[in-house]
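K.L.:
I'd like to go over a predicted model; first the sequence, then the structure.
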Amino acid sequence: MISKEQLKQVKLVAFDFDGVFTDNRVITAQDGTESVTCWRSDGIGIARIIKLGIKVVIVSTETNPVVGARAAKLKIPSIQSVEDKAGAILEICFQHGILPENAMFVGNDINDIPAFLSIGIPIGVADSYPEIYPHILFKTEKPGGFGAVREICDILYNAQTADK
């Protein structure tokens, strides 16, 4: 479980994309282009925590224009083709002077385990694969692609503004 004190210390949230922003499904057209669906109100949640000074980034193993397009729409950076998510997140922490224990990573699958182990607050979405459960502190009530990102943002926003 995550304490309110831990949530108050979060300075960076890194999100996986597929299965977190999306419901893990992909629509592939005959020309090979791919489409996904995302939860529109995730953007409001992200905007609110950015206003608090929390850095937000998408870190994805995939290389897909849809990731960059969604990130651009949300006005957040995305890093794609990442084989070592832990290393990427730690580099982001270093670049911004953020201690890894004040970083959160939200993922859903076994390729996220090294990232979970590298930071202070590992989170899984409701429909995560069970293999990640031993490596996360919290699981959202909402599944990926159906408001899990917004849920995390709201939890952070409420914790960091509760005493203000």
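P.N.:
The structure has been received and is ready for your questions. Numbering: from 1, shown residues only.
K.L.:
who touches the closest residue to Ser60 other than its chain neighbours in this structure?
P.N.:
Excluding the flanking residues, the one nearest Ser60 by C-beta to C-beta, 6 or more residues apart in numbering is Phe17, at 4.2 Å. Every residue, glycine included, has its C-beta placed from N, CA and C. Neighbouring residues of Phe17 by C-beta atoms under 8 Å, 6 or more residues apart in numbering: Ile58, Ser60, Glu62, Val67, Arg70, Ser78.
K.L.:
Filter those down to the buried ones.
P.N.:
Ile58, Ser60, Val67, Arg70, Ser78 (16 or more other C-beta atoms under 10 Å).
K.L.:
Which two among these are spaced furthest apart?
P.N.:
Longest distance between any two of those is 10.3 Å, between Ser60 and Arg70; criterion C-beta to C-beta.
K.L.:
Now the common contact residues for the two.
P.N.:
Phe17, Ser78.
K.L.:
what are the ranges of the helices in the protein?
P.N.:
Ranges of helices in the chain, per DSSP state H, are 4-8, 42-51, 65-74, 85-96, 113-118, 148-161.
K.L.:
most packed of those helices?
P.N.:
The highest mean neighbour count among the helices of the chain, using mean count of other C-beta atoms under 10 Å, belongs to helix 148-161: a mean of 21.
K.L.:
which helices and strands does the lowest-mean-pLDDT helix or strand in the chain pack with?
P.N.:
Using mean pLDDT, DSSP states H and E, the weakest-scoring helix or strand in the chain turns out to be strand 34-35, at a mean of 90. If contacts are counted by 3 or more C-beta pairs under 8 Å, 6 or more residues apart in numbering; DSSP states H and E, strand 34-35 sits against strand 27-28.
K.L.:
where are the low-confidence patches of the chain?
P.N.:
164 (pLDDT under 70).
K.L.:
Mind doing that once more with 90?
P.N.:
Counting by pLDDT under 90, the chain contains low-confidence ranges at 1-2, 33-34, 62-64, 162-164.
K.L.:
how about the residue lying farthest from the centre of it, phi and psi?
P.N.:
Residue distances from the centre of the chain (C-alpha atoms, centre = their mean) peak at Gln30, which lies 30.2 Å from the mean C-alpha position. With angles defined as degrees, to the nearest 10, Gln30 sits at phi -60, psi -20.
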